[in-house]
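> let me see the structure of the following:
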Amino acid sequence: PEYEALKKERSEVLWKALEQVIPDVRSRAEVEMVGTPLTHARFLRRNNGTYGPLVRAGEGTLPGHTTPVPKLFVCGDSTFPGIGVP
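From the prediction side, this is the model:
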């Protein structure tokens, strides 16, 4: 219960930001799922809940989406353009 309350509290910042643009966003949302590093570690098998490979700014790029297999592509936070792209 304490952890769930903390997740709800932390998600308020995002909801309030959205409400500045879409005032009735909460009533329009059909599903709300708050993910944390613990969620990512448990359900996505991410080491300590982290995302993507470490690529320092100006020192390289993420791998592309192509593979050696024709018409097979990869996607996600470990490929270009990377983390934070919807």
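
> ranges for the helices of this structure?
2-21, 25-28, 37-44 (DSSP state H).

> elements contacting the second one?
By that I understand helix 25-28. helix 2-21 (3 or more Cβ pairs under 8 Å, 6 or more residues apart in numbering; DSSP states H and E). Bear in mind the C-beta positions are built from the backbone N, C-alpha and C, glycine included.

> quick one: mean pLDDT for the helix it packs on?
For helix 2-21, the mean per-residue pLDDT is 92.

> got the angle for that helix vs helix 37-44?
Relative orientation of helix 2-21 versus helix 37-44 (axes from the mean of the first three to the mean of the last three Cα atoms, to 10 degrees): 100 degrees.

> helices or strands next to helix 2-21 in the packing?
If contacts are counted by 3+ Cβ pairs under 8 Å, 6+ apart, helix 2-21 sits against helix 25-28.

> name the residues that touch the helix it packs on?
Helix 25-28 is contacted by residues 15, 18-19, 22 when judged by Cβ atoms under 8 Å, 6 or more residues apart in numbering.

> so which of the helices of the chain is the most packed in?
Stretch with highest mean neighbour count among these: helix 37-44 (a mean of 13; mean count of other Cβ atoms under 10 Å).

> quick one: distance of it to the chain centre.
Centre-to-centre, helix 37-44 and its host chain are 11 Å apart (Cα atoms, centre = their mean, to the nearest Å).
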